[in-house]
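**Student:** Sequence first, predicted model second:
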There are 2 protein chains.
Amino acid sequence: MTKLTSLKSEKRLLDRRAADQIRSHILEGVLPAGERLLETQLSEELEVSRGTVRSALAQLANEGLVQQVAFTRWEVSGTSTVDAWEIYTLRGALEGLGARLAAANVTDEDGKRLRGLADDLLHAIREGRLQDATGIDFDLHTAIIELARHRRLAEQHRFIVQQVRFHMVQSGFLPNDYEELIAEHKALIEAVIAGDADRAEKLARNHNEAEVKLLAKLLKQGSGVKRIREKAS
Amino acid sequence: MTKLTSLKSEKRLLDRRAADQIRSHILEGVLPAGERLLETQLSEELEVSRGTVRSALAQLANEGLVQQVAFTRWEVSGTSTVDAWEIYTLRGALEGLGARLAAANVTDEDGKRLRGLADDLLHAIREGRLQDATGIDFDLHTAIIELARHRRLAEQHRFIVQQVRFHMVQSGFLPNDYEELIAEHKALIEAVIAGDADRAEKLARNHNEAEVKLLAKLLKQGSGVKRIREKAS
DNA sequence: TTTGGCTTGATTGTCAGCAATCAGCAAACA
DNA sequence: TGTTTGCTGATTGCTGACAATCAAGCCAAA
């Protein structure tokens, strides 16, 4: 476990920076789901007061990464099948709206940028740098959302993507058909660039459809509480 | 012996209750947009410490009702035309998803409940109780969202609806055709009850369309930056 | 008159300590 | 042996005091 380092040097607000550190530890899987978080221990490691840690934890709770049991404990959120279904369905709706709006705003320069990212993604996959690939994948989706010029949407999307990443870390989930992934991204980007709002929205929503259907099926089988574990390399 | 009910609701945490009070003051228009909020003053009025007030304000900031300027001030959020556009477009996407999912889950009992609410709405409007009518309107939409059985969606929807109400209070906005409002609700409810997911989603999204178009037009005219109201003596 | 730095009062950010609450254990009891 | 009850250590909730930061006004120099 990489040690949490002191915050006493930088400039942003202390509680934000504390949240940043804890958040990245969670997203990297250093702090696994269900792990108990002690305010006192965190405040010692981060060299800030307990109040500041509490504020940081409250922020992370709003992002869905930690949960609070009043008077009792904080813990890293677990992601059940139900949670995953919620996350992916919400993601579909948000990215659908984002793609629709992006298609109305896109400029030539934006188009070049998107195609550049798609190229990066292609190369990362071809060269087997799958870690990079998932990063670029998220960047690509975020880039489209930014084109929507919609502050609230961007913020919600950031939280949802965070939870998707968290869920992937926990479940070891990876895409199982990279060729299709590339094709889907390509189609989505071109629809956005072409300004075809309806098609862009539809593609953005379908992008999740496979996962959503799988999850819904698992739920119907009654394994709702169980965690997913399905590795596909 | 009458059944004992859980105390967990009574024993709510102090900062939550502080947030509740401030929130309702904002939503009722007692605290207008742009109004500065002083931690010290609030802590005296609510008879809690400043730390508790800070926690409450942080929650309200997450809900979009107040804004923080670091080291300087808290203030009630103003709702510009851009903000309104963001709120209504997001609402459309969320309620679209909600209606789609609701259509898949709805039972006969749910259907009765929805029709009951629609009846209440009808009577409130016919009898000129417009205040009640808007309340029932929101309840109706929330009832549909609940049918989606989607925790994250429900939470996001709560926040968005709150912001819609806030914007209505600020701008003095009221529906301008109550007959059409009734018809739209009726159609939406029946689509949900019929289990027609596509149609339910479409109707839920169109429900906002008029406002969104109006706002988009205003934005193109360049009046986007203007705030509804700032500064109080 | 304008501009730039300085002072100051007000306000927010952070901290350390006390109070309230809880989970778990062990003794008492049936 | 199983259940209840009271205790205790640990942890979170809340508070009051102190530190850091800012805007706003003042004043002198250009």
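**Tutor:** Good, I have the coordinates.
**Student:** Do a quick rundown of the strands in chain A.
**Tutor:** A:36-37, A:66-69, A:73-76 (DSSP state E).
**Student:** so what's A:L60 up against?
**Tutor:** Residues in contact with A:L60 (CB atoms under 8 Å, 6 or more residues apart in numbering or on different chains) are A:A19, A:I22, A:R23, A:I26, A:V66. Heads up, the C-betas are built off the backbone N, CA and C, glycines and all.
**Student:** and if you look at A:A191?
**Tutor:** Applying CB under 8 Å, 6+ apart, the residues contacting A:A191 are A:A99, A:A103, A:R199, A:A200, A:L203.
**Student:** All the helices of chain A, in order from the start?
**Tutor:** A:14-27, A:39-46, A:50-62, A:81-105, A:108-126, A:130-147, A:151-171, A:178-193, A:197-220 (DSSP state H).
**Student:** right, and those helices - which one's nearest B:L46?
**Tutor:** helix A:50-62 (18.5 Å; CB to CB).
**Student:** thinking again about what came up before, which of the contacts of A:A191 lies at the shortest distance from B:L13?
**Tutor:** Using CB to CB, the contacts of A:A191 come closest to B:L13 at A:A99, 39.6 Å.
**Student:** and the gap between that closest one and B:K220?
**Tutor:** Separation of A:A99 from B:K220 (CB to CB, to the nearest Å) stands at 21 Å.
**Student:** So which residues on chain A come close to chain B?
**Tutor:** For chain A, the contact set with chain B under CB under 8 Å from any CB of the partner chain comprises A:13, A:51, A:54-55, A:58-59, A:62, A:64, A:70, A:86-87, A:89-90, A:92-94, A:96-97, A:101, A:150-153, A:156.
**Student:** For stretch A:162-173, list the C-alpha coordinates in CSV.
**Tutor:** Provided in CSV are the C-alpha atoms of stretch A:162-173 (Å, rounded to 0.1, in the frame of the first residue of the first chain):
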residue,chain,number,x,y,z
GLN,A,162,-16.0,7.4,-11.4
GLN,A,163,-18.4,4.8,-10.2
VAL,A,164,-18.0,2.8,-13.4
ARG,A,165,-14.3,2.8,-12.9
PHE,A,166,-14.7,1.7,-9.3
HIS,A,167,-17.0,-1.0,-10.3
MET,A,168,-14.6,-2.2,-12.9
VAL,A,169,-11.7,-2.3,-10.4
GLN,A,170,-13.9,-4.3,-8.0
SER,A,171,-15.3,-6.8,-10.4
GLY,A,172,-12.2,-7.1,-12.6
PHE,A,173,-14.5,-6.4,-15.5
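**Student:** pretty sure A:A93 is in contact with B:G96, am I right?
**Tutor:** Yes: contact criterion CB atoms under 8 Å: A:A93 and B:G96 qualify, at 6.8 Å.
**Student:** what about those two, which has more around it?
**Tutor:** A:A93 (28 against 22; other CB atoms under 10 Å in any protein chain shown).
**Student:** separation between A:W85 and DNA strand C?
**Tutor:** According to CB to the nearest atom of the strand, to the nearest Å, A:W85 and DNA strand C sit 28 Å apart.
**Student:** What sits closest to A:F159 if chain neighbours are left out?
**Tutor:** Leaving aside its sequence neighbours, A:F159 sits nearest to A:E63 (CB to CB, 6 or more residues apart in numbering or on different chains; 5.2 Å).
**Student:** For that neighbour, report the pLDDT, please.
**Tutor:** The confidence metric pLDDT takes the value 97 at A:E63.
**Student:** Equivalent analysis for A:A232, please.
**Tutor:** Listed pLDDT for A:A232 reads 26.
**Student:** Now do the contacts for the residue most central in space within chain A.
**Tutor:** In chain A, the centroid-proximal residue (CA atoms, centre = their mean) is A:V161; its distance is 2.1 Å. By CB under 8 Å, 6+ apart, A:V161 lies in contact with A:R91, A:F138, A:H141, A:T142.
**Student:** Just the buried residues out of the residues you listed, in PyMOL syntax.
**Tutor:** This is how PyMOL selects the buried members of the contacts of A:V161, with burial counted by 16 or more other CB atoms under 10 Å in any protein chain shown:
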select buried, chain A and resi 91+141+142
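**Student:** on contacts alone, who are the packing partners of the lowest-mean-pLDDT helix or strand in chain A?
**Tutor:** Scoring the helices and strands of chain A by mean pLDDT, DSSP states H and E places helix A:197-220 at the bottom, with a mean of 91. With contacts taken as 3 or more CB pairs under 8 Å, 6 or more residues apart in numbering or on different chains; DSSP states H and E, helix A:197-220 sits against helix A:81-105, helix A:178-193.
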